[in-house]
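1. take a look and give me a structure for this.
(chains A and B)
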Amino acid sequence: RTLLTHPWFTGLQEGSQSCDGSVAVLSHQWKRAAPAYHLILEGILILWIIRLLFSKTYKLQERSDLTVKEKEELIEEWQPEPLVPPVSKDHPALNYNIVSGPPSHNIVVNGKKCVNFASFNFLGLLDNARVKAAALASLKKYGVGTCGPRGFYGTFDVHLDLEDRLAKFMKTEEAIIYSYGFATIASAIPAYSKRALVFVDYFLSFLNPRKARVTRRFIVVEGLYMNTGTVCPLPELVKLKYKYKARIFLEESLSFGVLGEHGRGVTEHFGISIDDIDLISANMENSLASVGGFCCGRSFVIDHQRLSGQGYCFSASLPPLLAAAAIEALNIMEENPGIFLVLKEKCERIHKALQGISGLKVVGESLSPAFHLQLTDSTGAREKDVTLLQEIVNHCMNRGIALTQARYLEKEEKCLPPPSIRVVVTVEQTDEELERAARIIKEAAQAVLL
Amino acid sequence: AAAAAAAAGQIHHVTQNGGLYKRPFNEAFEETPMLVAVLTYVGYGVLTLFGYLRDFLRHWRIEKCHHATERKEQQDFVSLYQDFENFYTRNLYMRIRDNWNRPICSVPGARVDIMERQSHDYNWSFKYTGNIIKGVINMGSYNYLGFARNTGSCQEAAAKVLEEYGVGVCSTRQEIGNLDKHEELEKLVASFLGVEAAMAYGMGFATNSMNIPALVGKGCLILSDELNHASLVLGARLSGATIRIFKHNNMQSLEKLLKDAIVYGQPRTRRPWKKILILVEGIYSMEGSIVRLPEVIALKKKYKAYLYLDEAHSIGALGPTGRGVVDYFGLDPQDVDVMMGTFTKSFGASGGYIGGKKELIDYLRTHSHSAVYATSLSPPVVEQIVTSMKCIMGQDGTTLGKECIQQLAENTRYFRRRLKEMGFIIYGNEDSPVVPLMLYMPAKIGAFGREMLKRNIGVVVVGFPATPIIESRARFCLSAAHTKEILDTALKEIDEVGDLLQLKYSRHRLVPLLDRPFDETTYEETED
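-> Next up, the predicted model:
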């Protein structure tokens, strides 16, 4: 009733009465166009809007209607998988070989005395007296551990010395050392590649670049490939670098201290200027017979890792005795550059001696001191191959030659290499030992495979 | 009054948890005073403005540009660094850079010798004057039990092993790098921790980043504490599992995440999770807090999750027998599924270990990246660990280990009490040997470090990005090697510098951790 006494309605009645006054009609036309049901509808709409405004908001996360009891039942019923799947007792990697005493040239493996053809001790510096003396002096001065990362009183003068020496040896501006070889390249690449395209070499296959101009491009290669014993084609890579404007990261763990006239690695081997390579990363655990790793290159590139290399900033620094051992090993390398030639000679010798074994083929170039022996005819199943090769290895170990199979994490590798025995050549091996090894491997292959 | 309030808060805590805690748990994080917070933001604002000004001047070559540049031949390559990434480094970090990376030339014991360096171009480059600042009190090295020594039985044993075995190993564990020394070490670590088996690795950082991916993968859930170390975060990201973060040491947050995870399953598909792994640390090195282990274990048992405990700082430093945070709370080591730790801090060596059930260790021996691709521990380092561990366990026939542990506990209590009495804001648990002292303002970071060095005390100062931007701090690491005289000297100097720089912010309004407001939006979900 209050609605009907509203001037709006009285205006309607007025307008309907004064039908001659056209202005009056026009001005009241809009008022006349609203019948009662329309108004009631609008009233209901207004009431509905008011109701919606005041009703509770509907939370998206609680769209399930589970009661507390149902939740408790779900929690009780849920069974997780065991933390780790069971490992069978005969897993080939479960029972490690136990080495008693130092893993040097004459090694005692599982109680048997052998000549070592398995450790990456290329320059024979593992039991060099000078290296041990330097490490001992450092131990007497500094103790063993550094008790802190590089940023917090973990930088010793030995570390600065070693970085200096490595930079000078490799003829680069700066070097940075890490306390673990594996962490070196694993920290270096992520430090630069937040938004980047990384071309990683899997047996020389490149991907096509599709991304825009803001993406940095990196080519990551190894100097001497551990899985195949081949050398990377560095001159072609440098040409590609300038053509596609990508930067090269060179991983020289095997080739440092092996290739090149003075042991500077694959850049010296090919005669390429070291400035063309943006970053060289290597570990000190092979030729230098120490522990840890380093990266070297121009200051522009290397300095960035001092704040962004995770393995550098958040981890304790290298124990000083290991750094001192590495410095002494570098000294020895610089004093007798003739050992690289000796090593090369021995590699070629054993390569020749191992050709033509029935059942096994040599995989790797003749200048690689770590190469593989693979089965010429695989049985078809990887486990069977592994078992066969293990029998050959055991046969050799029983006769005084220590060998090992190359180990991989089978699920993690993108291109899993076939199972193989790895043979490592060091300068300490005499010619007689090399010939004996070749003979014993031949006999073992004959005994097991035929 | 503060003690009474804390005691009241503590009693309240113990009864609330039904007696899970056998000892009082006193942890406090005093709130930042409002004025200080505002001034800190203002400080950073001023620095940022000046930073832009400097960049402008450098761009137009009015100011000399010190940092290295790209090669001429590679100028048209996509630039290696984003300009903004380095803004903080160029304009803020560079100015106080002399507080970090200080080179030392002696054993990092209670006193250390620092090489003096000078800069004539505002920290862009350093020159060594050749002087050595001798006998600086070392409050920065992680030397909790004082095993960083160059004399004594540990050093002699390590020297003998060095002569016999050499320094390197040149091979991996699975190939021919597994020495008898490593087997001995692993048996000893297992008996020290009270677990079935253990495995040792060459680097603590790599232990986390390479083994977490071996344990969990896609379809699993990781619940990680807010303030976990970079190695745990990296390992969690590399594994490919879903990561959810709970508020620091907050058990309600953790419980809610666990409940929601099991009830609702994986996002979108609603499949049940394969496993749930909780990542926590024993002592958090930036906060000085200790994990609430009894509650975590109770939750883990109730919801059938797995627990990964990183005892990098707490092994050797906590507990009546030095066995870490499990020993500190008097719990059973079998309850923790994966016990990880490092040898760097309390044992004066380097490397890391993982301990647990035999099935776990067998699996890691066959599936860990470290066993297959990385060189094993160096023999003299192994010997140092073995000797120091035997010393802590008391197996070498002396009580040296027990004395060190007691000395550290006394030092911790004394130092923290004195600093609190002086009026500084100190974070963390009363029993934690890591003592963060709040500085807040960016200028005070540099000032504190330099003033302390002038007074012959070496401290560690930390700012952004290791800590939240307004919560910069100085962090003291106590050691059993610190005698009471050394601590008193240090305290006197800290008092002086505190008055000079006006660092005594504390108003004794302690906020016990439990009362922090907890709201529903406390977790983030990141799927990589």
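2. going by C-alpha atoms from here, please, whenever you check contacts or count neighbours.
-> Fine.
3. tell me the centre residue of the chain?
-> Reading this off chain A. The centroid of chain A falls nearest to A:Ala186 when counting by CA atoms, centre = their mean (4.4 Å).
4. what secondary structure does that residue sit in?
-> Per DSSP: H, G, I helix; E, B strand; the rest coil, the secondary structure class of A:Ala186 is helix.
5. show me where the stretch 101-250 of chain B has strands.
-> Assignment of strands within the stretch 101-250 of chain B using DSSP state E, counting those that start in this stretch yields the ranges B:103-104, B:111-118, B:127-138, B:197-201, B:221-225, B:242-246.
6. what's the neighbour count on A:Val68?
-> Here the count is done by other CA atoms under 10 Å in any protein chain shown, and A:Val68 has 9 residues near it.
7. quick check: which ranges of the chain have low pLDDT?
-> This is for chain A. When the per-residue scores of chain A are filtered using pLDDT under 70, the ranges that remain are A:1-34, A:57-64, A:194-214.
8. actually chain B
-> Across chain B, the stretches falling below the confidence threshold (pLDDT under 70) are B:1-18, B:83-85, B:509-528.
9. what's the offset of stretch B:330-348 from the middle of its chain?
-> Taking CA atoms, centre = their mean, to the nearest Å, one finds stretch B:330-348 lying 14 Å from the centre of the chain it belongs to.
10. contact residues of the stretch 151-300 of chain A facing chain B?
-> For the stretch 151-300 of chain A, the contact set with chain B under CA under 8 Å from any CA of the partner chain comprises A:151-157, A:179-183, A:192, A:213-217, A:245-246, A:285-286, A:289-291, A:299-300.
11. PyMOL command to pick out the buried ones of those residues?
-> Selecting just the buried residues from these in PyMOL takes one command, with 16 or more other CA atoms under 10 Å in any protein chain shown as the test:
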select buried, chain A and resi 151+152+153+154+155+156+157+179+180+181+182+183+192+215+216+217+245+246+285+286+289+290+291+299+300
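12. before we move on, the earlier item: between the strands of the stretch 101-250 of chain B, which one is nearest to B:Gly43?
-> In terms of CA to CA, the element of these nearest to B:Gly43 is strand B:111-118, at 26.2 Å.
13. give me the contact list for the closest one.
-> Counting by CA atoms under 8 Å, 6 or more residues apart in numbering or on different chains, the neighbours of strand B:111-118 from elsewhere in the structure are B:102-106, B:126-138.
14. now with 6 Å, please.
-> With CA atoms under 6 Å, 6 or more residues apart in numbering or on different chains as the contact definition, strand B:111-118 has outside contacts at B:103-106, B:126-129, B:131-138.
15. in it, what counts as buried?
-> For strand B:111-118, a neighbour-count test (16+ other CA under 10 Å) marks B:Arg111, B:Val112, B:Asp113, B:Ile114, B:Met115, B:Glu116, B:Arg117 as buried.
16. equivalent analysis for stretch B:345-362, please.
-> By neighbour count, with 16+ other CA under 10 Å as the criterion, the buried positions of stretch B:345-362 are B:345-357, B:359-362.
17. with stretch A:229-237 instead?
-> Across stretch A:229-237, burial judged by 16+ other CA under 10 Å covers A:Gly229, A:Thr230, A:Val231, A:Cys232, A:Leu234, A:Leu237.
18. with stretch A:72-90 instead?
-> For stretch A:72-90, the neighbour count (16+ other CA under 10 Å) marks A:Leu74, A:Ile75, A:Trp78, A:Gln79, A:Pro80, A:Leu83, A:Val87 as buried.
19. what is the longest helix of chain B by residue count?
-> helix B:34-59 (DSSP state H).
20. and the residue of the stretch 201-350 of chain A nearest chain B?
-> Taking CA to the nearest CA as the measure, the stretch 201-350 of chain A has A:Ser290 as its residue closest to chain B, at 4.4 Å.
21. now do the same contact list for that residue.
-> A:Met284, A:Leu322, A:Ala326, B:Gly168.
22. can you confirm A:Ile219 is in a strand?
-> Yes. Membership of A:Ile219 in a strand is supported by three-state DSSP.
23. what's the burial count for it?
-> One way to gauge burial is a neighbour count; for A:Ile219, by other CA under 10 Å, it gives 19.
24. wait, it sits on A:Glu251?
-> No. Taking CA atoms under 6 Å as the contact criterion, A:Ile219 and A:Glu251 are not neighbours in contact, 10.7 Å apart.
25. around chain B, which positions in the stretch 1-150 of chain A sit nearby?
-> By CA under 6 Å from any CA of the partner chain, the part of the stretch 1-150 of chain A that sits against chain B consists of A:71, A:74-75, A:80-81, A:93-94, A:96, A:98-100, A:102, A:119-121, A:127, A:140-145, A:147-148, A:150.
26. which of these fall in helices?
-> A:Lys71, A:Leu74, A:Ile75, A:Lys140, A:Lys141, A:Tyr142.
27. circling back: most neighbours among the contacts of strand B:111-118, which one is it?
-> With neighbours defined as other CA under 10 Å, the most crowded of those is B:Asn138; it has 28 neighbours.
28. tell me if I'm right that it and B:Ala110 touch.
-> Yes. B:Asn138 lies in contact with B:Ala110 (CA under 6 Å); the separation is 5.3 Å.
29. taking the stretch 301-450 of chain B, what residue is nearest to chain A?
-> B:Ala349 (4.1 Å).
30. tell me how far that residue lies from A:Gln355.
-> The spacing between B:Ala349 and A:Gln355, counted by CA to CA, to the nearest Å, is 46 Å.
31. and the residue positioned nearest the centre of chain B, how far from B:Val460?
-> The centre of chain B sits closest to B:Ser285, judged by CA atoms, centre = their mean, with a distance of 3.3 Å. Between B:Ser285 and B:Val460 the distance, using CA to CA, works out to 12 Å.
32. at the contact with chain A, which residues of the stretch 1-150 of chain B appear?
-> Contact residues of the stretch 1-150 of chain B with respect to chain A, defined by CA under 6 Å from any CA, are listed as B:68-69, B:77-78, B:100-107, B:141-143, B:149-150.
33. mind running it again at 7 Å?
-> Selection of the stretch 1-150 of chain B residues close to chain A by CA under 7 Å from any CA of the partner chain yields B:68-70, B:77-78, B:80, B:100-108, B:140-143, B:148-150.
34. quick one, which of the residues you listed are buried?
-> Using 16+ other CA under 10 Å as the burial test, those include B:77-78, B:80, B:100-108, B:140-143, B:148-150 as buried.
35. isn't A:Gly101 right up against B:Glu163?
-> No. The criterion here is CA atoms under 7 Å, and A:Gly101 misses it with B:Glu163 at 11.1 Å.
36. could I have the CA atoms of the host helix or strand of A:Val362 written out in PDB?
-> Using DSSP states H and E, A:Val362 maps to strand A:360-363. Extracted in PDB, the C-alpha atoms of strand A:360-363 (Å, rounded to 0.1, in the frame of the first residue of the first chain):
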ATOM      1  CA  LEU A 360      86.400 -58.000 -26.800                       C
ATOM      2  CA  LYS A 361      86.900 -54.800 -28.700                       C
ATOM      3  CA  VAL A 362      88.800 -51.700 -27.600                       C
ATOM      4  CA  VAL A 363      86.600 -48.500 -27.400                       C
END
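37. tell me the strands beside the helix or strand that that strand is followed by, with direction?
-> Reading on from strand A:360-363 to the C-terminus, the next helix or strand found by DSSP H and E is strand A:370-375. Strand pairing for strand A:370-375, determined by DSSP bridges: strand A:360-363 (antiparallel), strand A:420-424 (antiparallel).
38. please identify the most buried of these.
-> Neighbour counts (mean count of other CA atoms under 10 Å in any protein chain shown) averaged over each of these peak at strand A:420-424, with a mean of 23.
39. who's in contact with it?
-> Taking contacts as CA atoms under 7 Å, 6 or more residues apart in numbering or on different chains, the residues outside strand A:420-424 that touch it are A:117-120, A:369-374, A:389, A:403-406.
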